[in-house]
Every structure is written in structure tokens, then in C-alpha cells.
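K.L.:
Need the 3D shape of this:
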Amino acid sequence: MPIMSNNIFLPALSNLSVPSKSRNSRPPTSRKWLSPISACSTTAQDTLLAKHDLLGLISDQERGLKTQTNRSKRSKIIKAIEAMAVLGKDSTTTDSSLSGTWRMLWTTEKEQLYIIKNAYWFGTKAGDVLQVIDVGNSVLNNVITFPPSGAFIVGSDIKIVSPQRVEFRFTSAVLRGDNWEFPVPPFGRGWFESVYLDDEIRVAKDIRGDYLVVDRAPYFWKLQKDQT
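P.N.:
I've put the predicted structure just below:
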């Protein structure tokens, strides 16, 4: 994508033929074409470029499985995430814009990647991996789907503690199939920060130093307060 430059190059004055009587005259004041690019336009373009860079880097990483054995690629992705964090540092990402069904594109979280990699144990492969958030009702569900109808669902209560940080506490966990379900004792608590969020994607880091990139799923997963 071409990058617009703030520099405008003019011919050297020594190369211009200027009548002697006008050399000391006041220069024209109407030069709108020399106006600098607005800060808003530059920031918007920087954001689009940084976002394009991040999504390009993770596009072939199988949600993070390949990145586990590629330190160089991991380093580049994290650097791209940090660039997004700089662009989003003054934004609020814990308001109603955080609510919705988010689909995982990439993560460093070992537990989720382990389940994705070994989904064949259930005679299938992992489908969409979701975070379903309802800020108004203080609820978050982490969902790993196993097509056609299975899912591992972990429920949490959440608390907004800053413009970008959310604290969570696991409250339930259940592995579900067609006509059965197996409850798992939930345990754990922590926090995550959504360092960048827009209408399409969200970028987060958590208490353990893991990273997550998600997009808004094209469907809605029905969130429940108590999954058990």
C-alpha cells in the first residue's frame, strides 16, 4: 500500500527567474496546496498499515500452531502486536464495544493450542475458537467448538477495572457432545487487556504474557451465565 509523505519537494529558488523588483516582496499567502496532512489522516493510515501487517503475519500460522516452533515469526508477530498497542494506547476497549462473539485468529496460549492440535481424540477437528463477552451482564465464555455439535465451554465472571483491563474468574467448565456433557471443575482467575479494538478485530494480552488476536465472528454464539 503506498504511503503518503508529509514532505513536499519544491524546485530550488536559485533555479527560478524572479524579477528584481519582486525579490523582496512579501510571498503570496494563498497556498492551500502546501497544507500538511492532518494528524487524523496520518493516524488512520498508520493504523491500516499496522493492521494489514499483523493480519498478514498470522494468516498462515494455523491460529498459532506453526508459531510455536518458529521463534523468528513469533517475534515479528509480537512486534506487530506492540505496534497496534501503541496506536490503541489512548482508547477505551472495555465499554460496550467489547461485547460480542469474537473468533480466534492467533494466540500464544498453550492450553488452547494443545486442544486444537489434539482434537482428533474426539473423532473430529477443532472448529471455531470463540470468546463470547457480555459487558453489561459481566459474563465471558471461552468456547472451543468440535463440529458438528461438540464444544468445550468455560464460563467466567468479569469485572472492568480500567479503560483496557478486564479481570475474570472462572465459574464453570463443561465438555459437551450430541447427547451428553461432562462437567469439569473450574479454577483460576486473572486479567486481560484489549490493547486494540475496532469494528473488525481485537488484540489482547493477559496476565501470563500470552497474546490473542480475534475478529468479530459473522454469527452470534448464545452466551449463558452458568454453563453447568
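K.L.:
contacts and neighbour counts: CA atoms only from here.
P.N.:
OK.
K.L.:
Where do the helices of the chain begin and end?
P.N.:
With DSSP state H, the ranges of helices along the chain come out as 39-58, 71-87, 110-117.
K.L.:
Highest mean neighbour count across the ones you listed, which stretch is it?
P.N.:
Highest mean neighbour count among those (mean count of other Cα atoms under 10 Å): helix 71-87, with a mean of 17.
K.L.:
Pull the distance from that one to the chain's centre.
P.N.:
Helix 71-87 sits 11 Å away from the centroid of its parent chain (Cα atoms, centre = their mean, to the nearest Å).
K.L.:
ok, now stretch 145-158?
P.N.:
21 Å.
K.L.:
for it, which positions count as buried?
P.N.:
By 16 or more other Cα atoms under 10 Å, the buried positions in stretch 145-158 come out as 145-146, 150-158.
K.L.:
for the record, mean pLDDT for it?
P.N.:
What stretch 145-158 shows for mean pLDDT is 94.
K.L.:
outside of it, which residues touch it?
P.N.:
Stretch 145-158 is contacted from outside by 119, 124-129, 135, 138-144, 166-178, 186, 225-227, using Cα atoms under 8 Å, 6 or more residues apart in numbering.
K.L.:
do that again at 7 Å, thanks
P.N.:
The contact list for stretch 145-158 (Cα atoms under 7 Å, 6 or more residues apart in numbering) reads 124-129, 138-144, 166-178, 226-227.
K.L.:
Tell me, how many residues neighbour residue 175?
P.N.:
Neighbours of residue 175 under the rule other Cα atoms under 10 Å: 19.
K.L.:
Who does it form a beta bridge with?
P.N.:
In this entry, residue 175 is beta-bridged to residue 152, residue 182, by DSSP bridges.
K.L.:
ok, now residue 191?
P.N.:
Beta-bridge partners for residue 191, by DSSP bridges, are residue 167.
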